[in-house]
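Student: Sequence and computational prediction follow.
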Amino acid sequence: MAFVDLFISTLTQGFIYALLSYGVYITYKILDFPDLTVDGSFPLGAAITAVLLVNGVNPYLAMLASIAVGAAAGLATGVIHVKLGVRDLLAGIITMTALFSINLQIAGSNLAVERAIDTVFTMGPAAALGGLSLMYRKFIISLIIALLFKLILDWYLRTKSGLLLRAVGDNCTLVTTLAKDKGIVKIIGLVIANALVALSGSIVCQEQRAFSSTMGTGQVVFGLATVIVGTTLFRKMSFVKGTTAVLVGSVFYKICIQIAISLGLPANLLKLATAVLFLIVLVVGNRQKGGAEHA
Amino acid sequence: MLELKDISKVYNPGTVTEMCLFDKFNLKVDDGEFVAIVGSNGSGKTSMLNIICGSIPIEGGEVLIGGKNIAKMKDYQRYRTIGRVYQDPSVGTCPNLTMLENMSLADHKGGIFGLSRGINKARENYYKEQLSILGLGLEDKMHVKLGSLSGGQRQAAALIMSTLTPIEFLILDEHTAALDPKTAETIMMLTDKVVREKKLTAMMVTHNLRYAAEYGTRLIMMDKGGIVLDKTGEDKKCVRVEDILEIFTEISIECGN
């Protein structure tokens, strides 16, 4: 049954990281903003969660706290870009770099959450699944969380605020002529995106029971890859929502990486494999579009 | 009333390419006027529109609306009372949103974009009605993304969108220039209709001298940041294309073109 176990835990990873992908979907696909804050806001959510759990705070409260600090990180990038006039890419890099130190301050370079401490996978609704093994509980809980936030995001994108968010990425001049401040709309998008990213970090931390200061490295690449894989896979099917496509993209990506590991890829080469896979995704995606000159 | 008072505008100040466009430029536009503005490239037509809308900064002077100076107001604040259609049809609409979503956005101009539903189904018939005025069949494309429509269709939609909510001023920046002659004619006639029906104060920059002569209640010709011709009332009605062309040619000869 080793294969089934591996498959289930890979799907679980895909669901948890889908939250990060939703965040990148908002910035990259909707806002057209290459947001590198992700590499800092993801471990930020994990750091806060690790510290709170170790100090006996309810894991669901830890989730909410990570959403709040992730939102603050997005706000920082947004204000740096919109109000201080720093280029989008650089604004994200500044926040990401600052967060690296902040994360170390919060949780040190590593922080383990001991087995005796409850997480969202062992208490509350998860306890009701008592008959199941921990692996299946993780699978079910992470699936529920991924679907729940997908539905919330779908709902939001249909509201007036969500419609304006989609408009600002599509044609920001139009937003100005609608008498709305496009800068504020961009900031709102960054806040929501990084809140989701930090939430993903929180759940990863609860799942692996550890925070490490380097866990953010490469997450933005993962996020971008899942968004591009997902939206490319479903490009011909306009009835499939972007969030659904991205959720599938996340799962698909985790499966690809797992296959590489199963085939004997050393753990040290994981980021290299991620980068190569991302490059393949970009090139294939472009070819299908009819050979656009740049990604 | 819209008034530009002692406007000065310098491009690239403090560099070798410094260029003073407006030095104490003045213009008054009365409520309900439909001003057609012509002039060669670089004469300051579009810069003037951008100054009114706050799209570019000015070095001095006042932009008055109803006697109130709005020169310090941000562009998006000014658009509460201003509608604008651009030369590029893609600027006035969102290509990845459907017609219904675009109309819903326009319908909510200046409002609070909160967490209520983005699309109000009850308004759909009203949108269709507004679009049907165009006679282009756009009312049957409510669920089509704007990006897949032609330039003319998008420009027509942009015109309807820009005037969907109550506004006072309509700014038209060569809005027929990118269209084929037939579509341009349709859009121009429609513009005239909308301006009359909604009693808007409109300013239209155009390179089409015939449109400038035929439409509007006032004609202005600009050259090197100044007004060289200003016809209104009965004078405007008598203006012929040949007259404008003659002055145009004279200016060009002076410039050595």
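Tutor: Now that the structure is in, tell me what you want to look at.

Student: Find the closest residue to chain A in chain B.
Tutor: Of all residues in chain B, B:G118 sits closest to chain A, at 3.6 Å by CB to the nearest CB. C-beta here means a position set from N, CA and C on the backbone, and glycine is covered the same way.

Student: Okay, that residue and B:S162: tell me how far apart.
Tutor: B:G118 is 19 Å from B:S162, where distance means CB to CB, to the nearest Å.

Student: So which residues of the stretch 101-250 of chain A form strands?
Tutor: Assigned by DSSP state E, counting those that start in this stretch, the stretch 101-250 of chain A shows strands spanning A:110-112, A:210-212.

Student: Residue numbers of chain A in contact with chain B?
Tutor: Contact residues (CB under 8 Å from any CB of the partner chain) of chain A with chain B: A:156, A:158-164, A:166-167, A:170-171, A:173-182.

Student: Select from the residues you listed every entry located in helices.
Tutor: In helices, defined here by DSSP state H, the members of those are A:156, A:158, A:160-164, A:166-167, A:170, A:173-177, A:182.

Student: Where does pLDDT dip in chain B?
Tutor: The model of chain B has pLDDT under 70 over residues B:254-257.

Student: for it, what spans make up the strands?
Tutor: With DSSP state E as the criterion, chain B has strands at B:2-11, B:19-29, B:34-39, B:60-65, B:68-69, B:82-85, B:169-173, B:201-205, B:218-223, B:226-232.

Student: wait, isn't the residue of chain B closest to chain A in contact with A:R158?
Tutor: Yes: between B:G118 and A:R158 there is a contact at 5.4 Å, judged by CB atoms under 8 Å.

Student: Neighbour count for those two, which is higher?
Tutor: Higher neighbour count among B:G118 and A:R158: B:G118, with 24 against 16, using other CB atoms under 10 Å in any protein chain shown.

Student: Let me see the contact set for the residue nearest to that one when sequence neighbours are not counted.
Tutor: Leaving aside its sequence neighbours, B:G118 sits nearest to A:L163 (CB to CB, 6 or more residues apart in numbering or on different chains; 3.6 Å). Taking CB atoms under 8 Å, 6 or more residues apart in numbering or on different chains as the criterion, A:L163 is in contact with A:L157, B:L97, B:E101, B:S104, B:L105, B:F113, B:G118, B:I119.

Student: Quick check: of those, which has the highest neighbour count?
Tutor: Counting neighbours by other CB under 10 Å, B:L105 leads the contacts of A:L163 with 27 neighbours.

Student: and stretch B:39-58, how far apart are its ends?
Tutor: End-to-end distance for stretch B:39-58: 21 Å, by CA to CA, to the nearest Å.

Student: buried residues in it?
Tutor: Of all the residues in stretch B:39-58, those buried under the rule 16 or more other CB atoms under 10 Å in any protein chain shown are B:39-40, B:43-55, B:58.

Student: before we move on, what about stretch A:106-122?
Tutor: Buried, per 16+ other CB under 10 Å, within stretch A:106-122: A:I106, A:A107, A:L111, A:V113, A:I117, A:D118, A:T119, A:V120, A:F121, A:T122.

Student: Next up, phi/psi of the residue nearest to B:D107 when sequence neighbours are not counted, please.
Tutor: Of all residues not flanking B:D107 in the chain, B:L164 sits nearest, at 5.6 Å (CB to CB, 6+ apart). Main-chain torsions, B:L164, degrees, to the nearest 10: phi -70, psi -40.
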